[in-house]
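Asker: sharing a model prediction with you, sequence too.
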Amino acid sequence: MRFGRFEDESREYVITTPRTPYPWINYLGTEQFFGLVSHTGGGYCFYRDARLRRLTRYRYNNVPTDVGGRYYYLHDAGDYWTPGWLPVKRELDFYECRVGLSYTKITGERNGLRAEVVYFVPLGTNAEVHRVTVTNTSKASKRPKLFSFVEFCLWDAADDQTNYQRNLSIGEVEVDGSTIYHKTEYRERRNHYAVHSVNAAVAGFDTDRESFLGPWNGFGEPSAVADGRSRNSRASGWSPIGSHQLDIELAPGEAKTFVFVLGYVENPVAEKWEAPGVVNKQPARELLARFQTTAQVDAALAALRDHWTELLSKYTVKSGDPRLDRMVNIWNPYQCMVTFNMSRSASYFETGIGRGMGFRDSNQDLLGFVHLVPSRARERILDIAATQKADGSAYHQYQPLTKRGNNDIGSGFNDDPLWLISGTAAYIKETGDLAILQDTVVFDSDPNNAATLFEHLKRSFHHVLHNLGPHGLPLIGRADWNDCLNLNCFSETPGESFQTTGNRTGRTAESVFIAGLFVHAAPDYAALAESLGFHDEAKLAREQQAKMERVVLEHAWDGEWFLRAYDYFGNKSSAFYGEYTYGTDGRNRAFMGYGYFTNQKYRWYFSRSSAGAASIEDEILTGLVNITRFVIDDVDRPAVKLQLIQFAF
């Protein structure tokens, strides 16, 4: 089934049905304010840090999927619906979602009424702007009512979803005309608040969730929308929301556009109050004044498009294959910029709560976007290096708001330090900015312990040399690039993290992957050392590179396949030894092979599924086979065959 199409001219993917297999999300924002929005209007937004500065709530792992978002409801003569289909799920006469570069446009039409919502974060702005256009496509006059809806998060997304005893008592809002201020904890200990506003007079509002939804109702059947009348509720504790009611009159063919702003405002501590007990709203007023008219919004959206045109013009391909051109010229660099901004810290599969920015991830992200925005790559390198520990190890993650290492995960992922070398080298190759190596950078966010960036790279390189196992291969620590390959964890206690628990303390588990990364990073490190006149260090790096190559070939290569690792007990992990047995039944020949996975012998049996491959080996590598049996230690194990077969290949 087709769910949409690419439109290269507009650089959009056009989704033509809301019933996709899973929510199709886009990322809004390019600087400090970000939002996730699905093709049905679900998602949430935050300022810099998805855990510590989340503006709106989102419920992960919920039923149904994709619960919560920035919704717009239409009430039309007793019939109510949402242009994104969810959460009301009324059948639409027309639906379309255009996923663009840092914006999403959702259009829905029902019974002669069309609603179009454009979501985006303007450049230089800590806010989402939603341009909502309602059009009467019928031949009769209409008087629809438009309701906005957001549910505020009480800032810390982890605490918001767990500490109910306290949080149900602290929610606080203020309503001033068409503007709703979410100011929970502003009086006590915060200097920031959220603002949700519309550029038109409102017929009503709601700030209390239960008043808006009604008893026992979900987002798909809010009683205020069903009745066509806001309750004018003011939240005091419980669950604060922001909802506006706009009463609209439309002649046949007429359209009206409204501008909604959902933003973050932060005041200097000394400027929190306009008067005793009165929140300083001047920055919010200035923010809203920038988006009072449709012309202002259109100009901001055009500037965002121009921003992406300029970024994408840095590198283009004309290959003759439109699919390749599309990937290289539009969607791959867009994805690289998204991963730079988020570093996997927030998505529909990562809650934004359990982790921050990845040390390894952020360095890898540099490789994809450094040519687009080298100045931001420089800043990111220095931020990452500032979380490195003095012994050359690294926090696996850091919080983007505080730029400090995340103690919840800690360190011990022994490939992490080497990625700082690769990221820095990529930046210098692109820019020629060798001066960055002389920049002073702290260790572990400690201003009393600092050194040059090159010294950070040196400690990264030597961290491997100080942590070699019995074969001379790098110790894996908690894991390498495969975060789940913790060969020192043998947990028998429920609740322990397989990723961070190390209940075997011997220095025996070794990673062939880190050895490969070391060999890859060593030439770049040696070249950087040479550029600064550290010739002895460059010579040592090249010698250690050659030595590591010899060690890998001696202890991790069997003549056909590389080992993946050695575990805590010194057992070979994930070796593949191919022996093939062929039947003689023509096109559907049988196949059997065997290998070892963590010291267990296993066999698998295939039959050919296609005559398109040149050999049975090609079929295995391309997946053109039917798995018929999987055996471990002479016992059939169908439940694990897929996992191990994929691992072996």
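Answerer: Looks like it came in fine. Keep in mind it's a predicted model, so treat the numbers as computed, not measured.
Asker: then Cys45 would be within a strand, right?
Answerer: Yes. According to DSSP: H, G, I helix; E, B strand; the rest coil, Cys45 belongs to a strand.
Asker: residue contacts, the closest residue in space to Trp85 that isn't next to it in sequence?
Answerer: Take Trp85 and drop its neighbours on the chain: the residue closest to it by CB to CB, 6 or more residues apart in numbering is Pro18, 3.7 Å away. C-beta coordinates here come from the backbone N, C-alpha and C atoms, glycine included. Contact partners of Pro18, counting by CB atoms under 8 Å, 6 or more residues apart in numbering, are 39-40, 84-86, 92, 95, 97.
Asker: kindly recompute the last result at 7 Å.
Answerer: For Pro18, the contacting residues are 39-40, 84-86, 95, by CB atoms under 7 Å, 6 or more residues apart in numbering.
Asker: farthest-apart pair in those residues, please.
Answerer: Maximum pairwise distance in the contacts of Pro18, criterion CB to CB, is 10.9 Å, between Leu86 and Tyr95.
Asker: looking at the contacts of Pro18, spot the one nearest Thr387.
Answerer: Closest to Thr387, out of all of these and judged by CB to CB, is His39, at 35.7 Å.
Asker: quick check: the closest one touching Tyr95?
Answerer: No. His39 is not in contact with Tyr95 according to CB atoms under 7 Å; the separation is 9.3 Å.
Asker: who's more crowded, those two?
Answerer: His39 (27 against 21; other CB atoms under 10 Å).
Asker: pLDDT at that one, what is it?
Answerer: Note for His39: predicted pLDDT of 98.
Asker: kindly report the same for Pro494.
Answerer: 84.
Asker: quick revisit: the residue nearest to Trp85 and Gly4, how far apart?
Answerer: Using CB to CB, to the nearest Å, Pro18 is found at 11 Å from Gly4.
Asker: could you say what helices and strands the helix or strand harbouring Arg285 packs with?
Answerer: Using DSSP states H and E, Arg285 sits within helix 282-289. Secondary-structure packing of helix 282-289 (3 or more CB pairs under 7 Å, 6 or more residues apart in numbering; DSSP states H and E): strand 255-266.
Asker: hmm, back to that, surely the residue nearest to Trp85 is in a helix?
Answerer: No. Assessed with three-state DSSP, Pro18 is coil; it does not lie in a helix.
Asker: distance check, it against Pro87.
Answerer: The gap separating Pro18 from Pro87 is 11 Å, by CB to CB.
Asker: now swap in Ile353 and tell me
Answerer: Taking CB to CB, one finds Ile353 at 23 Å from Pro87.
Asker: and the helices in the stretch 51-200 of the chain, which stretches?
Answerer: For the stretch 51-200 of the chain, the helices defined by DSSP state H, counting those that start in this stretch occupy 157-160, 164-167.
Asker: off-centre distance for the last one?
Answerer: By that I understand helix 164-167. 28 Å (CA atoms, centre = their mean, to the nearest Å).
Asker: packing partners for that helix?
Answerer: The contact analysis (3+ CB pairs under 7 Å, 6+ apart) places helix 164-167 against no helix or strand.
Asker: next, the buried residues of that helix.
Answerer: The neighbour-count check on helix 164-167 (16 or more other CB atoms under 10 Å) flags Asn167 as buried.
Asker: what is the mean pLDDT for it?
Answerer: What helix 164-167 shows for mean pLDDT is 94.
Asker: ok, residues contacting it?
Answerer: 154, 160.
Asker: switch to 8 Å and redo it
Answerer: Applying CB under 8 Å, 6+ apart, the set of residues contacting helix 164-167 is 154, 159-160.
Asker: next: the first one.
Answerer: Where contact means CB under 8 Å, 6+ apart, the residues beyond helix 157-160 that reach it are 46, 50-52, 54, 57, 153-154, 167, 351-353.
Asker: can you list those in TSV and add distance to Trp557?
Answerer: Converted to TSV, these look like this (distance: CB to CB, whole Å):
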residue	distance to Trp557
Phe46	47
Ala50	42
Arg51	43
Leu52	46
Arg54	48
Arg57	52
Cys153	52
Leu154	55
Asn167	56
Thr351	41
Gly352	41
Ile353	42
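Asker: low-confidence ranges in the stretch 351-500 of the chain?
Answerer: 498-499 (pLDDT under 70).
Asker: hey, where'd the strands end up in it?
Answerer: 357-358, 397-399, 404-405, 440-443, 446-452 (DSSP state E, counting those that start in this stretch).
Asker: thinking again about what came up before, of the contacts of Pro18, which is the nearest to Ile476?
Answerer: His39 (40.3 Å).
Asker: residue contacts, the closest one?
Answerer: Here His39 is in contact with 15, 18, 20, 23-26, 84, 97, 99, 104, 106 (criterion: CB under 8 Å, 6+ apart).
Asker: and the residues you listed, which two are furthest apart?
Answerer: Greatest spacing in the contacts of His39, by CB to CB: Pro18 and Asn26 (14.5 Å).
Asker: nice, that's everything, thank you.
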